[in-house]
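In: Let's see this in three dimensions:
(chains A, B, C and D)
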There are 2 protein chains.
Amino acid sequence: MAVGLSSRSAVAIHALTMLARWGERTLTSAEIADSLASNPVLVRRILGSLRDAGLVWATEGRGGGWSLARPAREITLYDAYRAVEAGPILSRHPHEPSSQCEVGRNIQALLEVEFQDAERAMEERLGRTTIAHLVQRTLDIERELALPTR
Amino acid sequence: MAVGLSSRSAVAIHALTMLARWGERTLTSAEIADSLASNPVLVRRILGSLRDAGLVWATEGRGGGWSLARPAREITLYDAYRAVEAGPILSRHPHEPSSQCEVGRNIQALLEVEFQDAERAMEERLGRTTIAHLVQRTLDIERELALPTR
DNA sequence: CCGAACTGTAATGACAGTAGTTGCAGTTAA
DNA sequence: TTAACTGCAACTACTGTCATTACAGTTCGG
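Out: Predicted coordinates for the structure are as follows:
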């Protein structure tokens, strides 16, 4: 346990956004790694999780690469998050508290409800944005930058 | 970065609930550590953060210990969370993506908005439950257990 | 059928953060 | 003066992340 989740969600969303943006062709893990300033193995690991979750698929061998397994507007940030992150956000007690204590023997059950609700609130918000939204915003920004200054 | 936040929030909330439950007297870090099945130094570290956040105060020396600095109904789980957890929940990119890539040069700003919103949703939910709520529920459960079976 | 270009995966190392512990200085009350 | 506290630094053991190397398997083009 440490501070914050891994950056796998950010990497997964980045990769999905690239696949959606250049949907007409497959992208290799090396191309995605270039954009991430990372390396192909890391990308394949994360895309592997996304593949297991049914979000993307890969073709092997020469000329192979990655594509979205369903439309970008049907893939939310929560889908990506869920596919690559493991445990709960808010860690529970490191060990069982004392059953001798009135608070100790009840706190875990109470906290479980609160923490699950809180995590669900976060996940629900992630579920409201799709990869298609991110692609659209990316295109909007790029178009705006391309405008001549007046 | 790692999977899940530290358990400091859970420990902090546990300690605050104990302080609220036995509000008439101070509790020592050793007493709280007993309930947590942990040790006093860890408890003092976390209560130290809560003290810095103005949630509790300590009296030093013999007979000293910890008390809430304000009413339990004015301390939310978010207050505890905020006092002891450092960084963002959802980690961002490990390094700057490539500016050569249309997606790479825009994704960070887009993700920042999404992730901050998602984190705020979680925090907002944590802010709706107070320590007083947890004490009340603890007492309810204990009272229920004390009822004779019929 | 060979070789190049891919994916898939295991193993490893450097690093960072957590949880737990020891040790000790400072403070206060009996 | 001593016992019971807090405060804090230092240290260990452990775990997870990120990056990298190495290599096996797959597919296409010539």
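In: What residues does the residue of chain A most remote from its centre make contact with?
Out: The C-alpha centroid of chain A is most remote from A:Q100, which lies 41.7 Å away (CA atoms, centre = their mean). A:Q100 sits next to B:D34, B:S35 when contact means CB atoms under 8 Å, 6 or more residues apart in numbering or on different chains. Backbone N, C-alpha and C define where each C-beta goes, glycine included.
In: Mind jotting down where the helices sit in chain A?
Out: According to DSSP state H, chain A carries its helices in the segments A:8-21, A:29-36, A:40-52, A:77-84, A:104-126, A:131-146.
In: what about whichever residue of chain A sits closest to DNA strand D, neighbour count?
Out: Relative to DNA strand D, the nearest point of chain A is A:G61 (1.9 Å; CB to the nearest atom of the strand). Neighbours of A:G61 under the rule other CB atoms under 10 Å in any protein chain shown: 5.
In: do the same with A:R51
Out: The number of residues near A:R51, taken as other CB under 10 Å, comes to 16.
In: Tell me who's in contact with it.
Out: So A:R51 contacts A:W57, A:A58, A:A69 (CB under 8 Å, 6+ apart).
In: Which among those residues count as buried?
Out: Buried members of these, scored by 16 or more other CB atoms under 10 Å in any protein chain shown, are A:A58, A:A69.
In: okay, and the helix or strand of chain A with the least pLDDT?
Out: helix A:131-146 (a mean of 95; mean pLDDT, DSSP states H and E).
In: Could I get the pLDDT score of the residue farthest from the centre of chain A?
Out: Note on A:Q100: pLDDT of 95.
In: ditto for A:P88
Out: Taking A:P88 on its own, its pLDDT is 85.
In: Just want to check the distance between it and B:N39.
Out: Taking CB to CB, to the nearest Å as the measure, A:P88 falls 24 Å from B:N39.
In: neighbour count winner among the two?
Out: Higher neighbour count among A:P88 and B:N39: A:P88, with 15 against 12, using other CB under 10 Å.
In: low-confidence ranges in chain A?
Out: Chain A contains residues with pLDDT under 70 at A:1-5, A:149-150.
In: Which residues of it lie near DNA strand C?
Out: Counting by CB under 7 Å from any atom of the strand, the positions of chain A adjacent to DNA strand C are A:1-3, A:28-30, A:40-41, A:44-45, A:47-48, A:51, A:58-66, A:91, A:94-95.
In: ok, so what distance separates A:V135 from chain B?
Out: Going from A:V135 to chain B by CB to the nearest CB, to the nearest Å gives 8 Å.
In: can you list the residues of chain A near DNA strand D?
Out: Going by CB under 7 Å from any atom of the strand, the residues of chain A near DNA strand D are A:1-2, A:6-8, A:38-39, A:41-42, A:59-64, A:86.
In: go with 6 Å
Out: Selection of chain A residues close to DNA strand D by CB under 6 Å from any atom of the strand yields A:S6, A:S7, A:R8, A:S38, A:N39, A:V41, A:L42, A:E60, A:G61, A:R62, A:G63.
In: on that earlier part again, any idea how far B:A10 is from the residue farthest from the centre of chain A?
Out: As judged by CB to CB, A:Q100 and B:A10 stand 19 Å apart.
In: What of A:V41?
Out: Using CB to CB, A:V41 is found at 35 Å from B:A10.
In: the more surrounded of the two?
Out: The neighbour comparison of A:V41 against B:A10 (other CB under 10 Å) goes to B:A10, with 26 against 10.
In: quick one, what contacts A:D117?
Out: Contact analysis of A:D117 by CB under 8 Å, 6+ apart lists B:R125.
In: what phi and what psi does the backbone show at the residue farthest from the centre of chain A?
Out: For A:Q100, the backbone dihedrals (degrees, to the nearest 10) come out as phi -70, psi -20.
In: ok, A:E119 touching A:I89?
Out: Yes - look at A:E119 against A:I89 with CB atoms under 8 Å: they come within range, at 5.1 Å.
In: Settle it for me: which of the two has more neighbours?
Out: The neighbour comparison of A:E119 against A:I89 (other CB under 10 Å) goes to A:I89, with 20 against 17.
In: coming back round to it: so which of the helices of chain A gets nearest B:A80?
Out: The minimum distance between B:A80 and the helices of chain A falls on helix A:104-126, with 10.7 Å, by CB to CB.
In: mind listing what's buried in the closest one?
Out: Neighbour-count burial for helix A:104-126 [16+ other CB under 10 Å]: A:104-107, A:110-111, A:114-115, A:118-119, A:121-123, A:125-126.
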